[in-house]
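Student: Task: produce atomic coordinates for the following.
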Amino acid sequence: MVKRKSWRDRSTSPRFARWWAPWYTLNPFRGRGRRINERKSVGLRDLMASPEEVGSRPDVRWRNIGFAFMTLMGLLVLRLFFLQVVDHSGSLAAVNANAMRTSVIPASRGEIRDRNNVTLVGNVTTTELRLSYAEGLLHPEVKGALAELTGKTVKQIDQILNDVRYDRYQPIPILLDTPASLIEYLTLHQSEFPGVSLIRVSHRTYPLGGDVAPHLLGYVGPINNYELAAHPGLGYQMDSLIGKTGIESFYEAYLRGIDGKRILRVDRSGNILGTIKSTPATVGHSLVLNVDNGLQRALDQYLAAAILRTRHTKDSRSGVYPPAPNGAAVVLDPNNGHVLAMSSYPSYDLSQFVTGLSTSTMKNLLSTGAFNNYAIQGQYTPGSTFKMISATAMIQTGIQSPNKVLNDKGTYTVPGCLQGYHGCVFHGDEAAGSGYVNLARALTVSSDVYFYQLGYLFWSQTAKYGLTPIQDVATKYGLDSPTQIDLPDENVGRVDSPTVRKALHAQAPKAFPNVDWYTGDNLQMAFGQGSTAVTPIEMANAYATFANGGTRYAPEVVSAVLDATGRVVQSYGPKVLGHVSLPERVRGPIVQGLLGVIRSSDGTANYPFAHYAHFSLSAFPVAGKTGTASNSPGQEPNAWFVAFGPVPHPRYVVLCVIGQGGYGASSAAPVVAQTFNYLVAHPIQPVKLPTPIRTTK
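Tutor: Numbering: from 1, shown residues only. Modelled structure (predicted):
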């Protein structure tokens, strides 16, 4: 058996020596194994070789250093190859981004004109004093100098410069409308104001006054984070303006135009060195409305005056002064849905949004509800104006002849009622009653008892006519659906019914505790009481549908969209939403009753028209309906009046409602009468579009 060589014996072989020798000579433990084993303790000196025991091997060290150097060099070359070849476009863009900044040139918004081509909302060019954020940091003394010239404090200027709405690479506006004297001074002393620039910009202006149709036109304001996120990729910036309400909001895409761009060359400190490229802004499209500016201004004045008068006129029935906190008025063309005028009260001045609202002014406007457009957002119990809908259902179904006579004694007792006097007897508005009335007469004198009877008839014959025959007709008139008017934030009305009652109770049990539907509920609903609540634009459109013979149009504010040359890029024709069957046998008796409201000596609106109307009712016949709609106990009723004329071919529908305004005849009817005065004296002309500007190629 051959004895195996030890590790130390094998290490002396020539082949092994060639491999091991370089490392063995560098081994600090070489030759020290026995000493370690022989000693009882080991110290740091035992583990380290002395300098004379380690041989110098510079060639090995240089090889290791060379290997590390080549590795690093290879990684560097690989990275350069990736940046210069593989990702060349990305690298170039990053370099250019460090050297260039993009400055936005805001586009002027398009104008808003009325149907006669009169400018309601335009633009005015002013000179803004702006300061570069970077220069403001480098030269703080400039802020002090500007403070003395502009009347602002340095703190105020700092707040403006640090406003997050502004891009720090664009000059920030310090003064919106710079006086001519200050412009001249800064122009002559440019070198003393580094970073200060004077820029011509466009602001909204209101040639007829900012108090004309503010709810209809709307206003613009700085874009917020929510709006910025909702319009991605459309070029909006943190300091952009955007339509907030009204036409300005609904037609924002047309009005805003296309911003221009200016590419600036900057140094590493952000200082602007020059302009590389500039793309001019494109002005926004203009709008031509169906609104008549003269009628609009008159309607605004009539509504405001009526509400103020109502607040100072004691209600003879309740003995209190109606608070009349809000109201609305609408004028429609029933033949096509054109909105000729629309007013809401309380109101505000659009000009204030150009110069800026103070905190106190903003709080006051918010507390009074001045920003609400009550014409499309207010929900009011309709009262007797709803009787036209119930009358339509009566004749359409044939449940009762319009010629049948009922003796209105001022109260109505529900047949077969077992709940006692309180739950069985319903009182009309007139304690003595209206005497013998048919349908036309019931509309003329606004007999509640007649419509109590109608509500009972429908409820007692549900097997034949269904649960909701009146509500179904109201739906066809559009009283519980959007009118699709081209304005934002329209509210939708509701018509009381067993289904609606349950839905309201589920949503708000305390506000609507009654979930069941009884006979009395059907009686109340038949003349516009209960939980029925509609918007003024819905009721105006319902009467417009009746006036034109049964075609329900979507109310339209805008007639056409024009480009900068006046060329029509979009026009809006009548939009039909539905139809109501109104043959002469249905429409005739109702028209007769509505004419009597104004012309008959005991019609509910005879006195206000005799007092306020200055035109001949025989030459220009007007039909209408008053409404005095009860609210919660302790509140004054809502005052309504709606009319159309001239009969038999109506061109106008005029409606006014005043919340908690008392009697419709005394509060709302005068507004309608005065409006017809204006319409008779100033007939509305067809929409006038401007002649396009010819351009040479």
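Student: My read is that residue 544 contacts residue 331, right?
Tutor: No: the criterion here is CB atoms under 8 Å, and residue 544 misses it with residue 331 at 10.2 Å. In this view, the C-beta of every residue, glycine as well, is placed from N, C-alpha and C.
Student: Overlap in contacts, those two.
Tutor: Common neighbours of residue 544 and residue 331 (criterion: CB atoms under 8 Å, 6 or more residues apart in numbering): residue 653.
Student: how about the most centrally placed residue in the chain, what does it touch?
Tutor: By CA atoms, centre = their mean, the mean C-alpha position of the chain lies nearest to residue 245, the distance being 4.4 Å. Contact analysis of residue 245 by CB under 8 Å, 6+ apart lists 215, 218, 219, 371, 373, 488, 489.
Student: How about residue 154?
Tutor: For residue 154, the contacting residues are 143, 144, 147, by CB under 8 Å, 6+ apart.
Student: and which of those residues is nearest residue 383?
Tutor: Checking these against residue 383 by CB to CB gives residue 147 as the nearest, at 60.1 Å.
Student: From residue 153, how far out is that closest one?
Tutor: Separation of residue 147 from residue 153 (CB to CB, to the nearest Å) stands at 6 Å.
Student: Looking at those two, which is more packed in?
Tutor: residue 147 (16 against 12; other CB atoms under 10 Å).
Student: Let's have the contacts of residue 154 in CSV, adding secondary structure, pLDDT and distance to residue 77.
Tutor: Listed next are these as CSV, based on DSSP: H, G, I helix; E, B strand; the rest coil; pLDDT from 0 to 100; distance: CB to CB, whole Å:
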residue, secondary structure, pLDDT, distance to residue 77
143, helix, 88, 50
144, helix, 88, 54
147, helix, 87, 57
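Student: Output the residues you listed as CSV; include the columns distance to residue 283.
Tutor: CSV is the format used below for these (distance: CB to CB, whole Å):
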residue, distance to residue 283
143, 34
144, 38
147, 35
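Student: which SSE is residue 544 in?
Tutor: Element membership of residue 544 [criterion: DSSP states H and E] is helix 536-547.
Student: The helix or strand following that helix pairs with which strands?
Tutor: From helix 536-547 onward toward the C-terminus, using DSSP H and E, the following helix or strand is strand 551-553. The pairing partners recorded for strand 551-553 under DSSP bridges are strand 576-579 (antiparallel).
Student: which parts of the partner strand are buried?
Tutor: Residues residue 577 are the ones in strand 576-579 that count as buried (16 or more other CB atoms under 10 Å).
Student: Keeping just the C-alphas, turn that strand into CSV.
Tutor: Included here for strand 576-579 are C-alpha records, laid out as CSV according to Å, rounded to 0.1, in the frame of the first residue of the first chain:
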residue,chain,number,x,y,z
VAL,A,576,-87.7,68.4,-30.6
LEU,A,577,-87.9,66.4,-27.4
GLY,A,578,-91.5,65.1,-27.6
HIS,A,579,-95.1,65.7,-28.4
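Student: Run through who's touching the following helix or strand past it.
Tutor: Note on strand 576-579: by DSSP H and E, the next helix or strand toward the C-terminus is helix 584-599. With CB under 8 Å, 6+ apart as the test, helix 584-599 has contacts from 388, 391-392, 395-396, 402-403, 438-444, 446, 546, 549-550, 603-606, 609, 617, 621-626, 643, 647-648.
Student: before we move on, what about stretch 110-121?
Tutor: 122-123, 204-208, 212-213, 217, 247-248, 254-255, 257, 283-293, 296, 350, 559, 562, 684-690.
Student: quick one: terminal-to-terminal distance for that stretch?
Tutor: Terminal residues of stretch 110-121 are spaced 9 Å apart (CA to CA, to the nearest Å).
Student: what does stretch 473-490 give?
Tutor: End-to-end distance of stretch 473-490 (CA to CA): 22 Å.
Student: Start the count at 24 instead of 1 going forward.
Tutor: Yep, numbering from 24; the last one is stretch 496-513 now.
Student: Mind listing what's buried along that stretch?
Tutor: The neighbour-count check on stretch 496-513 (16+ other CB under 10 Å) flags 496-511, 513 as buried.
Student: Next, the buried residues of the helix or strand hosting residue 696.
Tutor: Per DSSP H and E, residue 696 falls inside helix 692-704. For helix 692-704, a neighbour-count test (16+ other CB under 10 Å) marks 692, 693, 694, 695, 696, 697, 698, 699, 700, 701, 702, 703 as buried.
Student: Tell me the one of those residues nearest residue 562?
Tutor: Distance to residue 562, by CB to CB, is smallest for residue 695 among the buried residues of helix 692-704, at 12.7 Å.
Student: So the closest one sits against residue 677, correct?
Tutor: Yes: using CB under 8 Å, residue 695 is in contact with residue 677, at 4.7 Å.
Student: list residues touching both of those two?
Tutor: Common contact partners of residue 695 and residue 677 (CB under 8 Å, 6+ apart): 665, 666.
Student: Could you report the neighbour count for residue 421?
Tutor: If you count neighbours by other CB under 10 Å, residue 421 ends up with 9.
Student: Roughly how far does it sit from residue 484?
Tutor: In terms of CB to CB, residue 421 sits 11 Å off from residue 484.
Student: For this protein, name the helix or strand with the lowest mean pLDDT.
Tutor: Lowest by mean pLDDT, DSSP states H and E among the helices and strands of the chain is helix 56-61, with a mean of 46.
Student: And the chain, split by domain according to the record?
Tutor: 125-238+282-312, 316-372+398-704 (automatic domain parsing).
Student: Most tightly packed of the ones you listed?
Tutor: Highest mean neighbour count among the domains of the chain (mean count of other CB atoms under 10 Å): domain 316-372+398-704, with a mean of 20.
Student: Next, the distance between the ends of that one.
Tutor: Terminal residues of domain 316-372+398-704 lie 15 Å apart, using CA to CA.
Student: could you show me where the helices are in the stretch 574-720 of the chain, in order?
Tutor: Under the criterion DSSP state H, counting those that start in this stretch, the stretch 574-720 of the chain contains helices at 607-622, 629-635, 687-690, 692-704.
Student: typo on my end, the stretch 174-323 of the chain
Tutor: Secondary structure of the stretch 174-323 of the chain (DSSP H, counting those that start in this stretch): helices located at 177-184, 203-211, 237-240, 248-253, 269-273, 275-278, 316-334.
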